[in-house]
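Engineer: kindly return the folded structure for what I paste below:
(chains A, B, C and D)
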Number of protein chains: 2
Amino acid sequence: MMASAPYASPCTCFQIRRAARVITGRYDAALAPLGLRITQFSVLAHLMTTPIALTALADMLVMDRTTLTRTLKPMLAAGWLTLEAEATDRRVKLARLTEAGTALFEQAVPLWRNVQRGVKDDLGRDFVRDLHDRLTTVWEGLSHAP
Amino acid sequence: MMASAPYASPCTCFQIRRAARVITGRYDAALAPLGLRITQFSVLAHLMTTPIALTALADMLVMDRTTLTRTLKPMLAAGWLTLEAEATDRRVKLARLTEAGTALFEQAVPLWRNVQRGVKDDLGRDFVRDLHDRLTTVWEGLSHAP
DNA sequence: TTCTTTTAATTGCATATACAATGTTGTATA
DNA sequence: TATACAACATTGTATATGCAATTAAAAGAA
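Structural biologist: Sure thing, here's the model as predicted:
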């Protein structure tokens, strides 16, 4: 996991995956004291306001529905959330945070803020803001086009 | 895997993972006709010039050594490369492309070029160049500073 | 109302990812 | 030289990821 010399691959996919691995490692390490992964943190964050149907949640997370199913599995086992069939349409399952899940998220927020700040400190506030804009553009530009 | 409305998460990690998923899907789809993933393409690309020891290869790919072991497994089974113990230090294993692996890579290059061009067309040449620079900076800035 | 189609979620399969622990081999030291 | 130490790779465990196929339920058509 160590980098030797600045190597600029011409492959956009390699570049973004490499950067994602490095960043993910940083965030996972920050949340590890709570036994929480950044992926799980994102799920909790999206559920803080209201229960959400799994398909809608997968859309928000821009994640395959089947991936979400497996992502939720350990979180359900940990008791951070529950699934309940929707009354009007029993195909639909609503994901809802438990008190434990809510409490965990609130504990995690300061750790998340720390690592966000750390990244900003290392890369620069303007840099990170611009990076965000570009990553959003990537998602918008590529997820709609084939 | 569909996006609904532009949602700008404040989490850098979420942002980059989301973008990485979208881009990876695009590249994997482009290489699918050859039964090849973009991750595997990257490995082949790095081995085209010369055989490389696994630790050195993992360093280049900025990937955990153990991840590399599993990444290589199906590629070895497919006969695209071989592992051989280094003569001077039998701990070291050299990964070397086979003829089949070399041929496959050469077949894959045009498909990779296509998808690279497609991404540039969708996002703009300057945008992609700047994105590359920033992703390289992310990697350099974060992988050295814990 | 029955048959078909569509939609929601899961499961099977395969790869991607990394930490901890292990086994092996080379190097340094007492 | 015997022993401790460091380096290389693999395996165990667990999560991350998505395509294809399946099951269940709702909606639409005959």
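
Engineer: so where's chain A uncertain?
Structural biologist: A:1-8, A:144-146 (pLDDT under 70).

Engineer: what packs against the top helix by length along chain A?
Structural biologist: The longest helix of chain A (DSSP state H) is helix A:99-123. Contacts defined by 3 or more Cβ pairs under 8 Å, 6 or more residues apart in numbering or on different chains; DSSP states H and E place helix A:99-123 against helix A:12-31, helix A:38-47, helix A:125-144, helix B:125-144. Using the backbone N, CA and C atoms, a C-beta is placed for each residue, glycine as well.

Engineer: got the domain ranges for chain A?
Structural biologist: A:45-97, A:99-141 (automatic domain parsing).

Engineer: take those domains and lay them out in JSON lines including distance to B:Leu83.
Structural biologist: Converted to JSON lines, these look like this (distance: least, Cβ to Cβ, whole Å):
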{"stretch": "domain A:45-97", "distance to B:Leu83": "31"}
{"stretch": "domain A:99-141", "distance to B:Leu83": "36"}
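
Engineer: quick one: closest of those to A:Val22.
Structural biologist: Among these, the nearest to A:Val22 by Cβ to Cβ is domain A:99-141 (10.3 Å).

Engineer: wait, does that closest one contact DNA strand C?
Structural biologist: No: using Cβ under 7 Å from any atom of the strand, domain A:99-141 never reaches DNA strand C; the gap is at least 14.0 Å.

Engineer: tell me how far the ends of that domain are from each other?
Structural biologist: In domain A:99-141, first residue to last residue: 38 Å (Cα to Cα, to the nearest Å).

Engineer: centre of the chain to it, how far?
Structural biologist: When distances are taken as Cα atoms, centre = their mean, to the nearest Å, domain A:99-141 is centred 10 Å away from the chain's centroid.

Engineer: just to revisit the earlier point, nearest to B:Thr50, of the helices and strands packed on helix A:99-123?
Structural biologist: Smallest distance to B:Thr50 across the helices and strands packed on helix A:99-123 (Cβ to Cβ): 18.7 Å, for helix A:12-31.

Engineer: with just CA atoms, put the closest one into CSV.
Structural biologist: Output in CSV follows, covering the C-alpha atoms of helix A:12-31 (Å, rounded to 0.1, in the frame of the first residue of the first chain):
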residue,chain,number,x,y,z
THR,A,12,-8.8,7.2,-16.0
CYS,A,13,-10.3,4.1,-14.4
PHE,A,14,-7.0,3.1,-12.9
GLN,A,15,-6.5,6.6,-11.6
ILE,A,16,-9.8,6.9,-9.9
ARG,A,17,-9.7,3.4,-8.5
ARG,A,18,-6.3,4.0,-7.0
ALA,A,19,-7.3,7.3,-5.5
ALA,A,20,-10.5,5.7,-4.2
ARG,A,21,-8.5,3.0,-2.5
VAL,A,22,-6.2,5.5,-0.8
ILE,A,23,-9.1,7.6,0.4
THR,A,24,-11.2,4.7,1.5
GLY,A,25,-8.3,3.4,3.6
ARG,A,26,-8.1,6.7,5.3
TYR,A,27,-11.8,7.0,6.1
ASP,A,28,-12.1,3.3,7.2
ALA,A,29,-9.1,3.8,9.5
ALA,A,30,-10.8,6.9,11.0
LEU,A,31,-14.0,5.0,11.7
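
Engineer: show me which residues of it are buried.
Structural biologist: A:12-28, A:30-31 (16 or more other Cβ atoms under 10 Å in any protein chain shown).

Engineer: so which of the helices and strands packed on helix A:99-123 gets nearest A:Pro110?
Structural biologist: Within the helices and strands packed on helix A:99-123, the stretch nearest A:Pro110 is helix A:12-31; the backing value is 10.0 Å (Cβ to Cβ).

Engineer: what angle sits between the closest one and helix B:12-31?
Structural biologist: 150 degrees (axes from the mean of the first three to the mean of the last three Cα atoms, to 10 degrees).

Engineer: does helix A:12-31 come close to chain B?
Structural biologist: Yes: residues of helix A:12-31 contacting chain B under Cβ under 8 Å from any Cβ of the partner chain: A:12-24, A:26-27.

Engineer: what is that helix packed up against?
Structural biologist: helix A:38-47, helix A:99-123, helix B:12-31, helix B:38-47, helix B:125-144.

Engineer: right, I'll call it a day here.
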